[in-house]
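**Student:** here's a sequence, model it:
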Amino acid sequence: AGGLMYTYKAGTTDPATTYSDDTGTENTNPIVLDSDGQCDLFLDDSVIYRIILKNAAGVTQFDKDRVASIGSNLVQSFNSIAALRLRIGTTIANAAKTLGYYAAGDGGGNSFYWDGTSTATDNIGTVIKPTAVSGAGRWLAVNPNNINVKQFGAKTDGIDTTEHFQAAINFAAANGLVVNVPKGDYTIYTTVTLKEGVSLIGEKTNPHNAAIYYPSIIYHLPTVANTNVFALETPATGFTYVSCGAVENLFIFASPVGYTKYGFYLQNPLGARFDNIGASNPFVGGFLAIKGNLNGVFSNFRVSNAAVGGTRSLAAVVMLSYDGHLYSTTARFKNFYVSGSLTAGTGGLTSAFIALPAAGTSIRLEEWTVESITGVAFDIQKGNEVQIVAPYCENLPNANVDTPVIQVGVTGAAAPNNAYDTITSLT
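**Tutor:** Next up, the predicted model:
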């Protein structure tokens, strides 16, 4: 009661007229709220407003800029970001909506407002600099806190979209956001760097329909061998952790000619949370490679390579060796399905899980299903502490040679003096 509502032109303190009815009866400015804290407020369709509300004591309750009536015709519509770049906003025509990134309906649409004073760097997503502007003036996303890769130009037509994924992740890293990956088939040619604290979340639909269980799919088509799909940004030192966000609901196809090394390479990740991840084709170094982990949880993975006569995947998970840096400690891998080829020979997978010498301690594997691989399913080399709980194994090894299913501490170089002894429990 007794609050005051001030109405101005957008971005200014110049008074703007409002009305108490639809016949044009002007309100006072400020409007004095009634005993219930209410007022009648009709806006001019041709004006974009700034509205400031203060209580009876003069304390500001909110300051909302760029408020328009529902009948305003000043929101310009564009089919693409390219079309938006050709238009400079004005104080009146200061709102725009893109119906897509490249074309209407492609999923990359967004809403923008014009800031004539902004000199922010064009990031191809939430900050757009018109082609004809040489100084100040930018289209800025109305809601930059909810982003997806298509709003940064990611394509689903088979063209390389590495830079668009990276642009979205870079923006999210600078603003503490999550990057969403809408349904679609994306192609990445090189390596996308996962920045500290950034989560990458794909879509998940019906978990009971295998055909659409992974709507967000990434195809990796590098032109150079030993290229990773995703890599966590490099830590400052060998003894520095990098806060790792969540990665969920993605399916990754490796290079069909064996050029993909790792699906994910994580050095010194802190608090990684990966869930509902699928993979196929050969990851020659292993799908998930971890070095120096602390408190990571990896669940609900499905990793397969049924190809015969091609490149073989090393393993679903590879714990990389301590080399004077950090140990991996407290890593949990739950509910993995790992499958190779029913036919012995080249192709398929060599192992399900490998812990190289002195890779880490307190590593727990729970409820793994492993079938049709060529070598040792669980290869725990010297200097590791690993628990294996409730594994199910079938057709191992598929080559029908004298190879164990689980091998503990009998391969690899000797662990450093300060490394743990090899300790493995099987439940």
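
**Student:** assumed residue 164 was part of a helix.
**Tutor:** Yes. Counting by DSSP: H, G, I helix; E, B strand; the rest coil, residue 164 falls inside a helix.

**Student:** what separation do you get for it and residue 200?
**Tutor:** 13 Å (CB to CB, to the nearest Å). C-betas here are computed from N, CA, C, even on glycine.

**Student:** same thing with residue 264?
**Tutor:** 10 Å.

**Student:** cool, and residue 292?
**Tutor:** 20 Å.

**Student:** and the strands in the stretch 251-400 of the chain?
**Tutor:** Along the stretch 251-400 of the chain, counting by DSSP state E, counting those that start in this stretch, strands occupy 262-267, 269-270, 273-280, 286-291, 294-304, 313-319, 328-339, 349-355, 360-371, 378-380, 385-389, 392-394.

**Student:** how about JSON lines for the ones you listed, with mean pLDDT and mean neighbour count added?
**Tutor:** Shown next, in JSON lines, are the strands of the stretch 251-400 of the chain (pLDDT from 0 to 100; neighbours: other CB atoms under 10 Å):
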{"stretch": "strand 262-267", "mean pLDDT": "97", "mean neighbour count": "25"}
{"stretch": "strand 269-270", "mean pLDDT": "96", "mean neighbour count": "24"}
{"stretch": "strand 273-280", "mean pLDDT": "95", "mean neighbour count": "21"}
{"stretch": "strand 286-291", "mean pLDDT": "95", "mean neighbour count": "26"}
{"stretch": "strand 294-304", "mean pLDDT": "95", "mean neighbour count": "20"}
{"stretch": "strand 313-319", "mean pLDDT": "92", "mean neighbour count": "27"}
{"stretch": "strand 328-339", "mean pLDDT": "94", "mean neighbour count": "20"}
{"stretch": "strand 349-355", "mean pLDDT": "92", "mean neighbour count": "27"}
{"stretch": "strand 360-371", "mean pLDDT": "94", "mean neighbour count": "20"}
{"stretch": "strand 378-380", "mean pLDDT": "92", "mean neighbour count": "25"}
{"stretch": "strand 385-389", "mean pLDDT": "93", "mean neighbour count": "19"}
{"stretch": "strand 392-394", "mean pLDDT": "92", "mean neighbour count": "12"}
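
**Student:** a markdown table for those strands, including distance to residue 225?
**Tutor:** Converted to a markdown table, the strands of the stretch 251-400 of the chain look like this (distance: least, CB to CB, whole Å):
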| stretch | distance to residue 225 |
| --- | --- |
| strand 262-267 | 12 |
| strand 269-270 | 25 |
| strand 273-280 | 18 |
| strand 286-291 | 15 |
| strand 294-304 | 21 |
| strand 313-319 | 14 |
| strand 328-339 | 24 |
| strand 349-355 | 18 |
| strand 360-371 | 27 |
| strand 378-380 | 24 |
| strand 385-389 | 31 |
| strand 392-394 | 31 |
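
**Student:** which stretch among the ones you listed comes nearest residue 145?
**Tutor:** strand 273-280 (20.7 Å; CB to CB).

**Student:** strands paired with the closest one, and their directions?
**Tutor:** If you go by DSSP bridges, strand 273-280 pairs up with strand 246-253 (parallel), strand 294-304 (parallel).

**Student:** pull it out as CSV, backbone CA atoms only.
**Tutor:** Written as CSV, here are the backbone C-alpha positions of strand 273-280 (Å, rounded to 0.1, in the frame of the first residue of the first chain):
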residue,chain,number,x,y,z
ARG,A,273,29.6,-36.6,-13.0
PHE,A,274,29.0,-38.5,-16.2
ASP,A,275,25.7,-40.3,-16.8
ASN,A,276,23.9,-42.0,-19.7
ILE,A,277,26.7,-42.0,-22.2
GLY,A,278,26.9,-44.3,-25.3
ALA,A,279,29.7,-45.0,-27.7
SER,A,280,30.4,-47.0,-30.8
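
**Student:** who's in contact with it?
**Tutor:** 204, 213-214, 244-254, 263-264, 287-288, 296-306, 316 (CB atoms under 8 Å, 6 or more residues apart in numbering).

**Student:** would you map the helices across the stretch 101-250 of the chain?
**Tutor:** Per DSSP state H, counting those that start in this stretch, the stretch 101-250 of the chain carries helices over the ranges 162-175.

**Student:** residue ranges in it under the pLDDT threshold?
**Tutor:** Scanning the stretch 101-250 of the chain for pLDDT under 70 picks out 205-212.

**Student:** could you redo the last one with a cut-off of 80?
**Tutor:** For the stretch 101-250 of the chain, the stretches with pLDDT under 80 are 205-213.

**Student:** which parts of it are strands?
**Tutor:** 110-115, 127-128, 138-141, 147-148, 178-181, 184-188, 192-194, 199-202, 216-220, 230-232, 242-243, 246-253.

**Student:** with mean neighbour count and distance to residue 362 added, can I get these in a markdown table?
**Tutor:** Below are those laid out as a markdown table (neighbours: other CB atoms under 10 Å; distance: least, CB to CB, whole Å):
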| stretch | mean neighbour count | distance to residue 362 |
| --- | --- | --- |
| strand 110-115 | 21 | 44 |
| strand 127-128 | 22 | 44 |
| strand 138-141 | 22 | 43 |
| strand 147-148 | 20 | 36 |
| strand 178-181 | 22 | 29 |
| strand 184-188 | 21 | 33 |
| strand 192-194 | 22 | 24 |
| strand 199-202 | 21 | 24 |
| strand 216-220 | 23 | 31 |
| strand 230-232 | 21 | 20 |
| strand 242-243 | 17 | 20 |
| strand 246-253 | 22 | 21 |
